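J.: show me the folded form of this:
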Amino acid sequence: MKQPFLPLTARSRDEAHRAATPLELFFDLCFVVAVAQAGMELVHAVAEAHTAEGIINYAMVFFAIWWAWMNFTWFASAYDNDDVLYRVVTLVQIAGVLILAAGVSRAFQDHDFLVVWLGYVVMRCALATQWLRAAHHATTPGERAMCHRYAGGVLLCQVGWTALLLTPESARPWVFLVMAIAEMAVPVFAEKNVTTPWHPRHIAERYGLFTIIVLGETVAAATVAVKSGVVEEDALGELLPIAAGGLLIVFAAWWIYFVVPAHDRLTSNRQGFLWGYGHYLIFASAAAIGAGIEIAVEQAVGKAHISTLAASSAVTIPAALFLLCVWVLHARYFKVGTAQQLVLPLSSLAILMCSFAGRWAVLAAGVVAAATVAVGVTLTARNPATRRVG
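T.: Predicted coordinates for the structure are as follows:
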């Protein structure tokens with residue numbers, strides 16, 4: 001039986017058969033609670049014609065959720081020893097995100113970020129504790145300094161987030177922008193001399209699993225919305241095209257994300273940072289697809305006081321953004337020839353154009369997404385050079 005307390009030392013980047021742990025999966029599932037809350041509040045904001053305000057709040061809250069998840073994911077890839085103390089501190093981080101989730105509604109509706117901030121305090125103090133523990137067990141002075149820079153940067157940025165509670169409402173987006181940049185600068189600064197030994201396949205798997213969970217939450221939210229519309233409004237005819245189109249979009253999103261081996265792109269810190277940071281848009285757009293489907297359903301049954309174009313765009317814009325970001329971050333590196341390279345960018349544009357198809361917009365976007373998969377599979381099958389990732 002394993003000892004309850006072990007040294008928190010760096011793991012090997014060449015470790016074979018590295019896979020996500022049950023604790024990491026539990027961590028992801030609890031984080032999706034916060035993602036669901038953010039999506040639900042985005043639905044309410046857009047349905048009440050407060051679109052710009054809703055998008056800004058969604059971007060801010062989703063960044064807080066994603067950044068906390070990402071900090072843990074990369075730390076765990078390098079230092080997870082799965083002992084008792086590590087598990088307890090990780091469970092404290094989970095408690096923090098649940099506190100954050102409880103404050104999402106107040107952040108959206110009353111612009112009160114106190115509960116969100118408190119949840120962040122819990123998560124970031126726990127993370128800083130992990131880094132200090134790693135520093136204590138570091139094997140070289142360089143590694144110890146890196147861990148101390150991480151812990152100090154995390155705590156310093158947490159102090160900076162306090163400005164969200166003190167500044168006028170009009171200034172908060174600017175405070176958020178400054179603090180988001182500061183947060184993303186911490187890993188770059190901390191690892192300027194010594195890098196953490198994160199595991200490429202493990203990181204790719206963790207991001208893939210979170211993508212699956214977010215897409216699953218999208219399906220669940222959309223299903224509840226369609227069910228409510230059918231039961232309460234008896235609007236099966238109006239909702240069936242939205243349900244079918246939404247399902248096709250989600251299926252295509254899953255297929256397109258996983259069609260290439262993302263870990264092959266993670267060969268250095270620079271590529272890892274760009275790939276990891278870029279997933280903010282992938283995760284946020286994936287979750288927003290579900291919110292968009294809910295908005296389209298509410299508009300179709302007369303509950304949302306917005307135009308059909310606005311409701312359709314709530315689905316097509318995040319769907320197009322998801323496909324384009326997947327192409328930019330890793331899909332394009334595995335495409336051979338102009339035809340393969342153009343599939344996802346042109347598909348993104350076509351999905352945006354579907355916004356003008358009236359009540360059939362979501363279904364049209366779903367058909368385009370499905371056609372994108374079919375075209376991609378066909379082009380891959382015809383080109384032996386890319387058949388290994390088809």
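J.: element containing the spatially most central residue of the chain?
T.: Geometric centre of the chain, nearest residue: Phe283, 2.6 Å, by CA atoms, centre = their mean. According to DSSP states H and E, Phe283 maps onto helix 269-300.
J.: pull out the buried positions in the very next helix or strand once past that helix.
T.: Following helix 269-300 in sequence order, the next helix or strand is helix 308-329 (DSSP H and E). By neighbour count on 16 or more other CB atoms under 10 Å, the buried set for helix 308-329 is 308, 310-329. For every residue, glycine as well, the C-beta is placed using N, CA and C.
J.: same check, this time on stretch 144-159
T.: 144-155, 157-158.
J.: wait, which of the residues you listed is closest to Glu183?
T.: Cys157 (5.2 Å; CB to CB).
J.: so that closest one, which of the three states?
T.: helix (DSSP: H, G, I helix; E, B strand; the rest coil).
J.: I'd like the distance from it to Ile282, if you could.
T.: 23 Å (CB to CB, to the nearest Å).
J.: what do you get for Gln93?
T.: For Gln93, the distance to Ile282 - CB to CB - is 22 Å.
J.: for Met70, same thing?
T.: Taking CB to CB, one finds Met70 at 12 Å from Ile282.
J.: now swap in Val188 and tell me
T.: In terms of CB to CB, Val188 sits 21 Å off from Ile282.
J.: what does Val219 give?
T.: 17 Å.
J.: ok, then the element right after the helix ranked longest in the chain?
T.: If you go by DSSP state H, the chain has its longest helix at helix 200-233. Heading C-terminal from helix 200-233, the first helix or strand you meet, by DSSP H and E, is helix 236-258.
J.: any idea of the mean pLDDT in that next one?
T.: Over the span of helix 236-258, the pLDDT mean works out to 90.
J.: contacts for that helix, please.
T.: Outside helix 236-258, the residues within contact range by CB atoms under 8 Å, 6 or more residues apart in numbering are 208, 211-212, 215, 218-219, 222, 226, 229-230, 282, 286, 289, 293, 296-297, 300-301, 315, 319, 322-323, 326, 331, 344, 359-367, 369-370, 372-373, 376.
J.: dump stretch 125-136 to PDB, keeping only the CA atoms.
T.: C-alpha atoms of stretch 125-136 as PDB (Å, rounded to 0.1, in the frame of the first residue of the first chain):
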ATOM      1  CA  CYS A 125      -4.400  29.800  -1.900                       C
ATOM      2  CA  ALA A 126      -4.700  26.100  -2.300                       C
ATOM      3  CA  LEU A 127      -2.700  26.200  -5.600                       C
ATOM      4  CA  ALA A 128       0.000  28.400  -4.000                       C
ATOM      5  CA  THR A 129       0.300  25.900  -1.200                       C
ATOM      6  CA  GLN A 130       0.900  23.200  -3.800                       C
ATOM      7  CA  TRP A 131       3.700  25.200  -5.400                       C
ATOM      8  CA  LEU A 132       5.300  25.900  -2.100                       C
ATOM      9  CA  ARG A 133       5.200  22.200  -1.300                       C
ATOM     10  CA  ALA A 134       6.800  21.500  -4.700                       C
ATOM     11  CA  ALA A 135       9.500  24.100  -3.900                       C
ATOM     12  CA  HIS A 136      10.200  22.400  -0.600                       C
END
